[in-house]
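Trainee: this one's structure only:
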Ligand code: SF4
């Protein structure tokens, strides 16, 4: 068995190659964001969806007081850090425990290998149709395309993902894949692509989707899921969901395959108890999701239902590289989406502008880390660095610090451009002596008076939508000196 190895040597992130199959369009962030800003429907849908998520999260997280909410966050953060510190050992422990439960464990270095495993399992069991519950890892690997190319029917069963699939789109949010869509656009899609009788009633639309999906669940040969956590001590695969589709996906078909990122392993059941409290609070503002699953293997002889075969594929796909870098903390993410809802940039651009699977603040960090900075160079700048992403993160990931470090890496790679390099060199030179600094300040103040209100060329980005602040009439140094003199008089 070939297996993923987390090496201890440091690897240079900027030299990475894309290890994923899904097309990466992150370098188009700026033009894509411009288009998104002009889309009135997207603006309405994303801002109201993100705002609702943000408000619900605030209420749920602090329902028992600020102190309790913050304590939960600290506990969850400590669990994830502790888990990451011993990740190689935990993975081995989890593999042994899962195998003891009858789960067949496979390892995938990249997305292509993960897909190959799934196709091989499908061939072995004569699979013709697959139902899927929500899984971001399979978005990374492009599993749907791989299955379709092999003439295997694949259907997303999470309602949002089902709509995404009908619309031949990609999810625009980690938790709410269709946050960018209005009710009218969903209705039209269901009528046009799924044959729904015309209706404006949301309950009727949901019932239609449910009836359609039920038939597919009953006929499917294989269920594919992700995994929110794997508990190393018990070998349990844990999933949280609200629609019941994960339960049907993992129990009705005769084969269940779960693709799980290697960072999802946690040490104990007690840890799971903490994380299942912060995850739904942060993701959907619920104290608990409607369904919480702990899967321990295939159906046993005395059990009435469940799959005959359960496989877990532990997917690396660039995570080892992150683990061995200064960005290990990014692997603590539990994919709750709270930082997306809080981010002023995400709220304006929506998720598709980020050009790959993970949008928002955490996407701006892990997309360059997984795919190479050169393939996502605008993303570390897609942030005002207001810090709200860190404040809402249930595992206290310091996203602003990592965004700044990625900007530094980009400059070191020479991605800042000649203007940036020249400007920084001039700034460094001017700061070498107080005299030069004062002269520079005076020259800039005079220069500003001579420049038009709308700055020319690349500087125009500052003044297209805002007024450039004027230089103060007197510098702090002058004011300080004047004050000292007044005190002496
Ligand atoms: S970085 Fe934090 S807030 Fe953002 S999705 Fe991950 S866990 Fe949630």
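Mentor: It's in. Everything numeric here is computed off the predicted structure, so don't read it as measured data.
Trainee: which parts of the lowest-mean-pLDDT helix or strand in the chain are buried?
Mentor: The weakest-scoring helix or strand in the chain, judged by mean pLDDT, DSSP states H and E, is helix 460-463 (a mean of 79). Judged by neighbour count using 16 or more other CB atoms under 10 Å, helix 460-463 contains no buried positions. Quick note: C-beta positions are derived from backbone N, CA and C, even for glycine.
Trainee: got it, and stretch 48-57?
Mentor: Quick answer for stretch 48-57 (16+ other CB under 10 Å): 49-50, 53-54, 56-57.
Trainee: again, but for stretch 189-207
Mentor: Buried residues in stretch 189-207, counted by 16+ other CB under 10 Å: 189-190, 196, 205.
Trainee: likewise stretch 371-388?
Mentor: Quick answer for stretch 371-388 (16+ other CB under 10 Å): 371-380, 382-383, 388.
Trainee: the ligand: which of those is nearest?
Mentor: residue 388 (10.0 Å; CB to the nearest ligand atom).
Trainee: over to residue 131: give its phi and psi.
Mentor: Per-residue torsions, residue 131: phi -110, psi 140 (degrees, to the nearest 10).
Trainee: tell me the one among the buried residues of stretch 189-207 nearest to residue 472.
Mentor: For the buried residues of stretch 189-207, the minimum distance to residue 472 (CB to CB) is 54.8 Å, reached by residue 189.
Trainee: isn't that closest one right up against residue 167?
Mentor: Yes. The criterion here is CB atoms under 8 Å, and residue 189 meets it with residue 167 at 5.3 Å.
Trainee: tell me how far residue 240 lies from the ligand.
Mentor: Residue 240 is 13 Å from the ligand, where distance means CB to the nearest ligand atom, to the nearest Å.
Trainee: any idea which helix or strand carries that residue?
Mentor: strand 236-241 (DSSP states H and E).
Trainee: tell me which other helices or strands that strand touches.
Mentor: strand 229-231, helix 245-251, helix 269-284, strand 291-295 (3 or more CB pairs under 8 Å, 6 or more residues apart in numbering; DSSP states H and E).
Trainee: the ligand: which of these is closest?
Mentor: Here helix 269-284 is closest among the helices and strands packed on strand 236-241 (CB to the nearest ligand atom), at 5.8 Å.
Trainee: can you name every helix or strand that the host helix or strand of residue 408 contacts?
Mentor: According to DSSP H and E, residue 408 maps onto helix 399-412. Applying 3+ CB pairs under 8 Å, 6+ apart, we find helix 399-412 packed against helix 360-371, helix 388-392, helix 418-430.
Trainee: what residues does the longest one touch?
Mentor: Right, the one you point to is helix 418-430. 411, 414, 416, 436-437, 439-440, 458 (CB atoms under 8 Å, 6 or more residues apart in numbering).
Trainee: check the second one too.
Mentor: Residues lying outside helix 388-392 but in contact with it, judged by CB under 8 Å, 6+ apart, are 54, 57, 282, 338-339, 341-344, 360-362, 383, 396-400.
Trainee: now the stretch 101-250 of the chain against the ligand: closest residue?
Mentor: residue 174 (5.9 Å).
Trainee: residue contacts, the nearest residue to that residue once chain neighbours are set aside?
Mentor: Excluding its sequence neighbours, the residue lying closest to residue 174 (CB to CB, 6 or more residues apart in numbering) is residue 337, at 4.2 Å. Shown in contact with residue 337 (CB under 8 Å, 6+ apart): 53, 173-176, 282-283, 360.
Trainee: how about residue 434?
Mentor: residue 477 are the contacts of residue 434 under CB under 8 Å, 6+ apart.
Trainee: what about it, distance to residue 367?
Mentor: 43 Å (CB to CB, to the nearest Å).
Trainee: now residue 152
Mentor: Counting by CB to CB - residue 152 and residue 367 are separated by 28 Å.
Trainee: residue 455: neighbour count?
Mentor: Per other CB atoms under 10 Å, the neighbour tally for residue 455 reads 15.
Trainee: residue 438 is in what secondary structure piece?
Mentor: With DSSP H and E as the criterion, residue 438 is inside helix 434-450.
Trainee: quick one: that helix to chain centroid distance?
Mentor: How far helix 434-450 lies from its chain's middle: 44 Å, per CA atoms, centre = their mean, to the nearest Å.
Trainee: repeat for stretch 161-178
Mentor: Mean-position distance between stretch 161-178 and its chain equals 14 Å (CA atoms, centre = their mean).
Trainee: show me what counts as buried in it.
Mentor: Quick answer for stretch 161-178 (16+ other CB under 10 Å): 161-167, 170-178.
Trainee: tell me the span between the first and last residue of it.
Mentor: With CA to CA, to the nearest Å applied, stretch 161-178 spans 8 Å between its terminal residues.
Trainee: thinking again about what came up before, residues contacting the least confident helix or strand of the chain, please?
Mentor: 453-455, 468.
Trainee: let me see the confidence value for the residue of the stretch 101-250 of the chain closest to the ligand.
Mentor: Reading off the confidence values, residue 174 has pLDDT 96.
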